[in-house]
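got a predicted structure plus its sequence, pasted below:
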Amino acid sequence: MKVVIVGGVAGGATAAARIRRLDEQAEIIVFERSGYISYANCGLPYYIGDVITDPEELTLQTPESFYDRFRVQMKVHHEVTAILPEKKSVRVKNLETGEEFEESYDKLLLSPGARPTQPRLQGVDLERVFTLRTVEDTFRVKEFVNKEKPRSAVLAGGGFISLELAENLRHLGLEVTIVQRPMQLMNPFDPDMAAFIHSEMRRNGVQLALGQTVEGFEDKDGGVDVLLKDNAPLHADMVVLAIGVTPDTALAKDAGLELGLKGTILVNDRMETSVPDIYAVGDAVQVRHLVTGLDSVISLAGPANKQGRIAADNICGRDSRYEGSLGSSVIQLFDLTAASTGVNETNAKKAGLQVDKVYLSPMNHAGYYPGAETMTMKVVFEQETYRLLGAQIVGGAGVDKRIDVLATAIQNHMDVRDLQNLHLAYAPPYGSAKDAVNMAGYMTENLSDGTVKQFHWHDVDSLPRDGSVVLLDVRTPGEFRRGHFEGAVNIPVDELRERMDEIERGKPLYVNCQSALRSYIACRILTQNGFDCYNLAGGYRLYDVIVKDAEAKRTALPCGLEP
């Protein structure tokens, strides 16, 4: 059997190694148009920022090492220019010599990945305007930074690569501005959770120009003017386009393969395309979202690796299936870790799901053990069934652990209330006897059985201030003085039983504390004493972060950066 693979990196290289492990006699040829067949794409910003200092650390395998281990022919700087399904061959161009030839196959695997979205804008080809997707891109940016010593950069786009690059450029001392058309960074997160990301970026000196549309670039004063729609230009020494990726599927389209969402290659759960003996994996294929069941495009290394293995199994006569993607992800941003899995509230509603959510602010480990940090968790679930749909967490240490547990729970179709029954490891340096994930289960059970009723941060400003409801703040007087809701009455929770006669009866009671724990205790006291009580989900802390983020968006007008 002769297998030709188009593209290396996560999907193609994984498939090549798996095929060899299953079939020692197969002839395997990989064509990769770049000079690198297996590299750490997610590590590229950290090389620019000198966190990774050895460029060889970016390359997981070389053509020589891959051949030595797996006897796979890795043809770098070879571009497949056409697929000829009727002849079961591909047309290839050697980019070093210009030679063109055809290569036959028994099985063909496409792993072309995605390319940086390149808008048709004036000035995108300027020398100081870069993209960041490949090792070669990284070396170009790094060489420019080392040689030209830029003092400022504008990053167009607010996704993973842009934010990681912003952090690394700040560590090098550059002034950094992120320009983003949507009003938030990081689309996997809901706006309320993205507010924590915005706060961390601003705290570390990254300027955010949200809701701004880039219309082009111009050389000016030895730098680049970033032209914005309906606003003054931003000036910087360099620009990096990181506005997303586009599935690289021109080959598949020209060959007549059926395409799906956003021009992706349509595959079944065996990673088979519409043409016999042609498979496809990675960022270029359409997948099913495991929560919504909807067609999706999810560009992540983990799914690409899994798909490469599954395609290899099926090429070798096995029967492996790809169930779909959850989109689980995690990112480090300065001192913040942000992670998500499943579907967020925004996209769940777009998919037609009736959803609710809980917020909690647990410590990452036992509070009495030194170094405890607060996490903020948002857990999204289906209203009627309590099916767990997704989660978002921001904080420090321990965020990745909890998101992985929740991802496992989602994949196994768990009821969110059943999270309380998970038996998770505990020691003071690592967690609590009632882990944060368990707490999410306890909280949703309390909602489902009526033990507590909640209201949300987006309900606060619409609550009447005409005396028809009571706003009760059960924090300490010092906390209350530092910020509170207009018209709120302050009675600390520990004084509540003795001062209950100060609260007017017969009116709905909306209770808050800093994180929703003390207010939950207050609601239990008040409910059992005849009050109609609602607890503020996430507490005043969550509300305050969201309000301050909204204010920063209103007042932060982009201003030119001096080179």
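Perfect, I can see it now.

against E148, how distant is K350?
Counting by C-beta to C-beta, to the nearest Å, the gap from K350 to E148 is 43 Å. In short, each C-beta sits where N, CA and C put it, glycine included.

next structured bit after the helix or strand of the chain with the lowest mean pLDDT?
Sorting the helices and strands of the chain by mean pLDDT, DSSP states H and E puts strand 38-39 at the bottom, at a mean of 68. Moving toward the C-terminus from strand 38-39, the next helix or strand (DSSP states H and E) is helix 44-48.

touching, M375 and A391? I think so.
No: if you go by C-beta atoms under 8 Å, M375 and A391 don't touch, sitting 11.2 Å apart.

so what sits against both of these two?
Common neighbours of M375 and A391 (criterion: C-beta atoms under 8 Å, 6 or more residues apart in numbering): R402.

so for the two, which sits in the more crowded spot?
The residue with more neighbours, out of M375 and A391 and counting by other C-beta atoms under 10 Å, is A391; that gives 31 against 20.

can you pull the phi/psi pair for the closest residue to the more buried one other than its chain neighbours?
Excluding the flanking residues, the one nearest A391 by C-beta to C-beta, 6 or more residues apart in numbering is L406, at 4.3 Å. Recorded main-chain torsions at L406 are phi -70, psi -40, according to degrees, to the nearest 10.

start at 50, not 1
Done: numbering now begins at 50, and the last item shifts to L455.

any idea of the pLDDT on L455?
Predicted confidence (pLDDT) for L455: 98.

now the longest helix seen in the chain: average pLDDT?
Scanning the chain for the longest helix, with DSSP state H as the assignment, gives helix 588-604. Helix 588-604 shows an average pLDDT of 93 in the prediction.

tally of neighbours for R69?
20.

isn't it up against R120?
Yes: checked against C-beta under 8 Å, the pair R69 and R120 is within contact range at 6.7 Å.

list the residues that contact both of these two?
Taking C-beta under 8 Å, 6+ apart as the contact criterion, the residues that touch both R69 and R120 are I77.

need the per-residue pLDDT for the residue at the greatest distance from the centre of the chain.
When distances to the mean C-alpha position of the chain are computed (C-alpha atoms, centre = their mean), the maximum falls on D550, with 48.7 Å. As summarised for this prediction, D550 has a pLDDT of 94.

got phi/psi on it?
phi -70, psi -10.

do L385 as well
For L385, the backbone dihedrals are phi -110, psi 140 (criterion: degrees, to the nearest 10).

can you check G331 too?
Summarising the backbone geometry of G331 under the convention degrees, to the nearest 10, its torsions are phi 90, psi -160.

over to the closest residue to it other than its chain neighbours. Which of the three states is it?
Computed as C-beta to C-beta, 6+ apart, the closest residue to G331 that is not its neighbour in sequence is G60, at 3.5 Å. Three-state assignment for G60 (DSSP: H, G, I helix; E, B strand; the rest coil): helix.

same question for E528.
Reducing the assignment to helix, strand or coil with three-state DSSP, the entry for E528 is helix.

and it, what does it touch?
Shown here is E528, whose contacts under the criterion C-beta under 8 Å, 6+ apart are Q563.

quick check: pLDDT value at it.
For E528, the model assigns a pLDDT of 97.

likewise for R219?
R219 carries a pLDDT score of 97 in this model.

if we can go back for a sec, I figured the residue nearest to A440 was touching V429, is that so?
No: with contact defined as C-beta under 8 Å, L455 does not reach V429; the gap is 10.2 Å.

find residues that contact each of these two.
Common neighbours of L455 and V429 (criterion: C-beta under 8 Å, 6+ apart): 391, 437, 440.

just those: which are in strands?
Judged by DSSP state E, the shared contacts of L455 and V429 include 391, 437, 440 as members of strands.

show me where the stretch 500-612 of the chain has strands.
When secondary structure is read from DSSP state E, counting those that start in this stretch, the stretch 500-612 of the chain shows strands at 503-504, 519-522, 538-539, 558-561, 582-585.

output the last one as PDB, restricted to C-alpha atoms.
Just to be clear, that refers to strand 582-585. Once side chains and other backbone atoms are set aside, the C-alpha atoms of strand 582-585 remain, and they are given as PDB (Å, rounded to 0.1, in the frame of the first residue of the first chain):
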ATOM      1  CA  CYS A 582     -35.100  35.800  48.700                       C
ATOM      2  CA  TYR A 583     -32.800  35.900  45.600                       C
ATOM      3  CA  ASN A 584     -29.000  35.400  45.700                       C
ATOM      4  CA  LEU A 585     -26.800  37.400  43.300                       C
END
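
partner strands of that strand, parallel or antiparallel?
Under the criterion DSSP bridges, strand 582-585 sits next to strand 503-504 (parallel), strand 558-561 (parallel) in its sheet.

kindly report the same for the third one.
With DSSP bridges as the test, strand 538-539 is paired with strand 519-522 (parallel).

and the partner strand, C-alpha only, in CSV?
Provided in CSV are the C-alpha atoms of strand 519-522 (Å, rounded to 0.1, in the frame of the first residue of the first chain):
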residue,chain,number,x,y,z
VAL,A,519,-35.3,45.4,48.8
LEU,A,520,-31.6,45.3,48.0
LEU,A,521,-29.6,43.8,50.8
ASP,A,522,-25.8,43.7,51.0
